[in-house]
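Student: here is the input, now give the coordinates:
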Amino acid sequence: GTMPHAFILLAGDTVTAAQMFDEIIDPNIKRVALIDTFNDEKFEAVRVAEALKERLYAIRLDTPASRRGDFYRILEEVRWELNLRGYDNIKIFISGGIDEHDITALNPVVDAYGVGTCISNAPVIDFAMDIVEIEGTPIAKRGKMSGAKDVLRCPRCGNDRVIPLGRLTGNCDCGAAYIHLLEPLYVAGEPVCQQRTPSEIRDYVIKQLERCSL
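Tutor: From the prediction side, this is the model:
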C-alpha cells in the first residue's frame, strides 16, 4: 500500500503522513512510503526508515522530470544511505512517467515500477492534477509552483502567461490586453457566460491556427 502526494501535503510532513498511514492501514498491507514531496529524497528516505523501522517495506519516488537531474544518481544515493544504516531490506519503487527505456536504465537500483500512462494508450501528453493550496495557504510538492493561479492569453499574438491569482496583469508585450482563460461557464447549473455556436468555435480555432507553424 502506498500514498499520494496530496495526503502528505495535507499532513504537512512526510514522516507524519507515513506514521498516520501505518497507524490506520491493515498490518497485513505492506507499507510503501512516498518520499519526494517536500525535501531531498535520500534524507526523507532515512527519516521514514528510522520512524517505521521493520514495518517499512519500501520507499517510492515519484519525482517529476523537471527535478530529476541524474535520476540514476539520486536513486543510487538513496540506496547507499539506506544500506549504510542497515536498511538494505527496504525496497525502492519509482513511478511518474516511466517508460520501457527508464526501466532498462534503472533496473540496477530499482526494485519495482509504477507504470500507467505509457501502457494505457497511444502516446499522450502526460499531466497530473496537484494540490497547490490548502485553505488559502500556498503549498505544493517539489517541482510544482504553489498557490492559486490565473491563466492569461493575448488574443493578438497568442502569448500565454500563468500568474498568481489576483495579481495585476498589465498588457502583453505586443500591446494588446490579456484575456482571462479561467472564467466560470456555469454556476449552480446555469450558464453565466455567452454561449458560442459550433460555427463560432470553429472560426475561433482556425483564426488561432494562423499563428501556428505546421
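Student: can you tell me the average pLDDT over the lengthiest helix in the chain?
Tutor: As assigned by DSSP state H, the longest helix anywhere in the chain is helix 71-84. For helix 71-84, the mean per-residue pLDDT is 95.
Student: which of the residues in the following helix or strand past that helix are buried?
Tutor: The helix or strand immediately downstream of helix 71-84 is strand 91-95, counting by DSSP states H and E. Residues 92-95 are the ones in strand 91-95 that count as buried (16 or more other Cβ atoms under 10 Å). For glycine as for every other residue, the C-beta is placed from the backbone atoms N, C-alpha and C.
Student: got it, and stretch 94-109?
Tutor: Across stretch 94-109, burial judged by 16+ other Cβ under 10 Å covers 94-98, 102, 106, 109.
Student: now pLDDT and distance to residue 33 too, for these, in TSV please.
Tutor: Listed next are the buried residues of stretch 94-109 as TSV, based on pLDDT from 0 to 100; distance: Cβ to Cβ, whole Å:
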residue	pLDDT	distance to residue 33
94	94	13
95	89	13
96	83	15
97	79	20
98	83	18
102	87	21
106	93	19
109	95	17
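Student: so where do the helices sit in the chain?
Tutor: Applying DSSP H to the chain gives helices spanning 5-11, 14-24, 41-52, 65-68, 71-84, 100-106, 117-120, 198-209.
Student: which one is residue 87 nearest to, not counting chain neighbours?
Tutor: Excluding the flanking residues, the one nearest residue 87 by Cβ to Cβ, 6 or more residues apart in numbering is residue 49, at 4.6 Å.
Student: doesn't residue 56 make contact with that neighbour?
Tutor: Yes - Residue 49 lies in contact with residue 56 (Cβ atoms under 8 Å); the separation is 5.7 Å.
Student: joint contacts of these two?
Tutor: Counting by Cβ atoms under 8 Å, 6 or more residues apart in numbering, the residues touching both residue 49 and residue 56 are 87, 90.
Student: show me the shaky parts of this structure.
Tutor: Applying pLDDT under 70 to the chain flags residues 1, 63-69, 126, 214.
Student: domains for it, by residue range?
Tutor: 5-120, 148-209 (automatic domain parsing).
Student: give me whichever of these is most buried.
Tutor: domain 5-120 (a mean of 16; mean count of other Cβ atoms under 10 Å).
Student: hang on, residue 76 packs against residue 109?
Tutor: Yes - counting by Cβ under 8 Å, residue 76 touches residue 109, with 5.4 Å between them.
Student: next up, phi/psi of residue 108, please.
Tutor: Taking degrees, to the nearest 10, you get phi -60, psi -20 for the backbone angles of residue 108.
Student: tell me how far it lies from residue 79.
Tutor: As judged by Cβ to Cβ, to the nearest Å, residue 108 and residue 79 stand 9 Å apart.
Student: before we move on, what about residue 162?
Tutor: The gap separating residue 162 from residue 79 is 36 Å, by Cβ to Cβ.
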